[in-house]
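> I would like the atomic coordinates for the input below:
(one chain, ligands or ions: 1)
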Amino acid sequence: MKKLINILAQTTLLWMIGCDSKPTTDDLGLVPLPSSISIAKRQTLINSQWAVTQNDRHKDLNSLKKILSENLYSDYGLLVSDFSSKTINLNVIEDNNSYGEEGYHLSVSDQTVQINAGTPNGIFYGIQTFRQLLDSGKKSNQDIQINQIEIKDNPRFKWRGMHLDVGRHFFDIGFVKRYIDYIAMHKMNIFHWHLTEDQGWRVEIDAYPKLTNISAFRDESLIGHYSDKPHQYDGKRYGGYYTKEEMREVVAYAQKRYVTVIPEIEMPGHTSAVLAAYPELSCTGGPHSVAKLWGVHKEVFCAGKESTFEFLETVLTEVAEIFPGPYIHIGGDECPKENWKEHDLDQQRLAAEGLHDEHELQSYFIKRIEGILNGLGKRLIGWDEILEGGLAPGAIVQSWRGMDGGIAAANAGHEVIMSPTSHAYFDYYQSEDKKNEPLAIGGFLSLEKVYGFEPVPYNIDPDKQKYILGGQGNVWTEYISTPEKVEYMAMPRMSAMAEVLWSSKKNRNYDSFTHRMNWQYKRLDRMKVNYRKPD
Ligand code: ACM
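Down below sits the predicted model:
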């Protein structure tokens, strides 16, 4: 009798499941929106009676399986096993171009959730989508009811980045890892770690211990905004740095989530902190101090001294050993040239190299650094000022002063990352009603404006559009001193940027995005993220 009741109950449940109406794609709450989604009426119950399985051909699959099992437990208390007739199967099918480098196919049927990809990265993204499907599924006790579905997905751009400035304010590796979690859950794949600034150097370098004893700390910090005059300071020593072990830990953490860490070591400008410790590398010889005021400072590396390049070669060699990724960012932005104009050694270099002006001297500087990086097996990335005076031959340009630098670089056959202030500066205010927002650097960048970002402008020649690698949201931290405020400034604008960079242009629709974001906010609540609530 009990058996009969059980069968009846199960049949009724299946009937109920089968009869439910189909949700729309927007109801699924997927962010970023996949390339193609086909929803069936029939439904599947996911619960602890399922197993996560893998084909054992790829070495990453064990770790991916673990990530998925942990997610199922932490998100929904589901304790999946290794064996069951119902399986969530992870399958890397190498040498299959149909998935793309980072794409995946996800299908949900009665007894199987199948995630296929050509690479482990693709499986990781399939797992993120599956988690999101569970979020919008119907819950009862330990069961989650989701519609059967076929998803085929592939990113639009290969560079989907987020930046964090840890020079103006320092964030420990606990938070840096959380930030990488946010990047990964958005199917982004680049963490641009802005590690050195006028106000603090954050990287342990064995050959130059004063970088961490002296350059990593400033005497005090500005209170209020730069434009509040007279400037007032808090009188508190401030700073910190990452040991090599910590940075390696971050790199390993990011690798597991298919995020490449791009270290940025600023030069020739934004270097007051270095010069405070090693004044002999400046034009004047110092003395200098670690900056306590934001903005652009005129102390820069001397381009005339060989010792500058020897120092940087040693630093970059140690940095290259910590970060296995293919790129090192060398800044190159906002380098005042007045000290170069006034200093003999810089002028001698200019004459000896047959250069016409200080922009060409900066170009000489960057080209030499590119030679060092190439020798270390790395490619150079720089902000768009590196175009001035002539671009280093293999440099990748990160366009920030608008799109023009990126357009010029792409049209000249250089790879480009688009992160213009107009759409990608997440240190800008999120509302025009600035009084009701926490202090920010200025500007106004709404969620909708980020969503409207188009990284490939019309005036790039059609055959050069391929040079646009993608884009990036930047979080500069002059006015952001806590992890909670980083979260507030980055989210939800990061979700909009993620969709710009992942989803196809024709699928993008702001109303659909805001509808799906209701699920994303629930996810952020679950993760206790201090995101900005929508208006
Ligand atoms: C920059 O915002 N100075 C790259």
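> is stretch 190-198 up against the ligand anywhere?
No - applying CB under 6 Å from any ligand atom, one finds stretch 190-198 out of contact with the ligand, separated by at least 8.8 Å. Where you see a C-beta, it was placed from the backbone N, CA and C, and this is true even at glycine.
> From the chain's centroid, how far away is that stretch?
Centre-to-centre, stretch 190-198 and its host chain are 11 Å apart (CA atoms, centre = their mean, to the nearest Å).
> what's the answer for stretch 55-74, then?
Offset of stretch 55-74 from its chain centre (CA atoms, centre = their mean): 23 Å.
> Pull the residues that contact that stretch.
Stretch 55-74 has contacts (CB atoms under 8 Å, 6 or more residues apart in numbering) with 52-54, 78-80, 88-92, 94, 120, 123-124, 127, 130-131, 134, 256.
> Buried residues of that stretch, list them for me.
By 16 or more other CB atoms under 10 Å, the buried positions in stretch 55-74 come out as 58, 60, 61, 64, 65, 67, 68, 69, 71, 72.
> For this protein, list the residues in contact with the ligand, please.
Near the ligand, when you scan the chain using CB under 6 Å from any ligand atom, you find 333, 334, 383, 400.
> out of these, what pair is the most spread apart?
334 and 400 (10.1 Å; CB to CB).
> So which of those two has more stuff around it?
residue 400 (22 against 16; other CB atoms under 10 Å).
> so residue 96 touches residue 118, yeah?
Yes - the pair residue 96 / residue 118 is scored as a contact, 4.9 Å apart, by CB atoms under 8 Å.
> Those two: which has the busier surroundings?
residue 118 (21 against 12).
> Now that one: closest residue in space, sequence neighbours ignored.
Excluding its sequence neighbours, the residue lying closest to residue 118 (CB to CB, 6 or more residues apart in numbering) is residue 99, at 3.9 Å.
> wait, that neighbour sits on residue 115?
No - counting by CB under 8 Å, residue 99 sits too far from residue 115 to count as a contact (10.6 Å).
> Quick check: neighbours shared by the two?
With CB under 8 Å, 6+ apart, residue 99 and residue 115 have common neighbours residue 105.
> which one of the two has more residues nearby?
residue 115 (27 against 23).
> Would you list the phi and psi of that one?
phi -120, psi 110 (degrees, to the nearest 10).
> Identify the bridge partners of residue 138.
For residue 138, the beta-bridge partners under DSSP bridges are residue 145.
> Can you report how many residues lie near it?
When neighbours are counted by other CB under 10 Å, residue 138 registers 14.
> Number the residues from 51 up from this point.
Sure thing, new numbering starts at 51, so read that last one as residue 188.
> Helix, strand, or coil at the most centrally placed residue in the chain?
By CA atoms, centre = their mean, the chain has its centre lying nearest to residue 212, at 2.4 Å. Secondary structure, DSSP: H, G, I helix; E, B strand; the rest coil: residue 212 is strand.
> my read: it touches residue 522, true?
Yes - under the criterion of CB under 8 Å, residue 212 is in contact with residue 522, at a separation of 6.5 Å.
> any common contacting residues for the two?
240, 242, 547.
> and the closest residue to the ligand within the stretch 201-350 of the chain, what element?
Minimum separation of the stretch 201-350 of the chain from the ligand (CB to the nearest ligand atom) falls at residue 320, amounting to 7.9 Å. Under DSSP states H and E, no helix or strand contains residue 320.
> what's near enough to touch residue 409?
Counted by CB under 8 Å, 6+ apart, residue 409 has contacts 387, 438, 439.
> Which stretches in the stretch 351-500 of the chain count as strands?
Secondary structure of the stretch 351-500 of the chain by DSSP state E, counting those that start in this stretch: the strands cover 377-381, 429-433, 446-449, 466-468, 478-479, 492-494.
> got the buried residues for the last one?
Going by neighbour count (16+ other CB under 10 Å), nothing in strand 492-494 comes out as buried.
> Name the residues that touch it?
So strand 492-494 is contacted by 471, 475, 477, 478, 479, 480, 481, 482, 484 (CB under 8 Å, 6+ apart).
> out of these, which one sits closest to residue 300?
Taking the contacts of strand 492-494 together and measuring to residue 300 by CB to CB, the closest member is residue 477, at 21.8 Å.
> what about the closest one, how many residues close to it?
Residues near residue 477, counting by other CB under 10 Å: 23.
> what separates the closest residue to it other than its chain neighbours from residue 312, distance-wise?
Sequence neighbours aside, residue 526 is the residue nearest to residue 477 in space, at 4.3 Å (criterion: CB to CB, 6+ apart). For residue 526, the distance to residue 312 equals 16 Å [CB to CB, to the nearest Å].
> Who are the contact partners of residue 284?
Going by CB under 8 Å, 6+ apart, residue 284 touches 270, 271, 272, 273.
> hang on, isn't the second one packed against residue 286?
Yes - with contact defined as CB under 8 Å, residue 271 reaches residue 286; the gap is 7.0 Å.
> the strands in the stretch 201-350 of the chain, which residues?
Using DSSP E, counting those that start in this stretch, strands in the stretch 201-350 of the chain cover 209-215, 240-244, 246-247, 250-251, 267-268, 272-273, 282-283, 288-289, 310-317.
> Now do the longest one: which elements does it pack against?
Contacts defined by 3 or more CB pairs under 8 Å, 6 or more residues apart in numbering; DSSP states H and E place strand 310-317 against strand 240-244, strand 246-247, helix 294-306, helix 356-372, strand 377-381.
> Tell me which of those is the most buried.
strand 246-247 (a mean of 28; mean count of other CB atoms under 10 Å).
> Torsion angles phi and psi at residue 164?
Torsion angles, degrees, to the nearest 10, at residue 164: phi -110, psi 120.
> gap between it and the ligand?
Per CB to the nearest ligand atom, to the nearest Å, residue 164 is found 43 Å from the ligand.
> Tell me what that residue is bridged to.
Applying DSSP bridges, one finds that residue 164 bridges with residue 139, residue 157.
> re the thing from before, now, of the contacts of residue 284, which are buried?
271, 272.
> Return the residues in contact with the closest residue to residue 579 other than its chain neighbours.
The spatially closest residue to residue 579, leaving aside those adjacent along the chain, is residue 537, at 5.1 Å (CB to CB, 6+ apart). When contacts are counted by CB under 8 Å, 6+ apart, residue 537 touches 232, 579, 580, 581.
> Quick check: which element contains residue 537?
Here residue 537 is assigned to helix 533-540, by DSSP H and E.
> any idea of the angle that helix forms with strand 209-215?
140 degrees (axes from the mean of the first three to the mean of the last three CA atoms, to 10 degrees).
> got the buried residues for whatever helix or strand comes next after helix 533-540?
Using DSSP H and E, the next helix or strand after helix 533-540 towards the C-terminus is helix 543-552. Neighbour counts over helix 543-552 (16+ other CB under 10 Å) mark 543, 544, 545, 546, 547, 548, 549, 550, 551, 552 as buried.
> what's the answer for stretch 517-537, then?
Neighbour count says stretch 517-537 has 517-530, 533, 535-537 buried, by 16+ other CB under 10 Å.
> repeat for stretch 412-429
412-420, 422-423, 428-429.
> Make TSV from these and add pLDDT to it.
Listed next are those as TSV, based on pLDDT from 0 to 100:
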residue	pLDDT
412	97
413	97
414	98
415	98
416	98
417	97
418	98
419	98
420	98
422	98
423	98
428	98
429	98
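> Helices - which of those land there?
412, 413, 414, 415, 416, 417, 418, 419, 420, 422, 423 (DSSP state H).
> For the residue nearest to the third one when sequence neighbours are not counted, give me the backbone phi and psi.
Meaning residue 414. Closest residue in space to residue 414, ignoring its immediate chain neighbours: residue 403 at 5.6 Å, by CB to CB, 6+ apart. Here is the backbone geometry of residue 403 (degrees, to the nearest 10): phi -90, psi 0.
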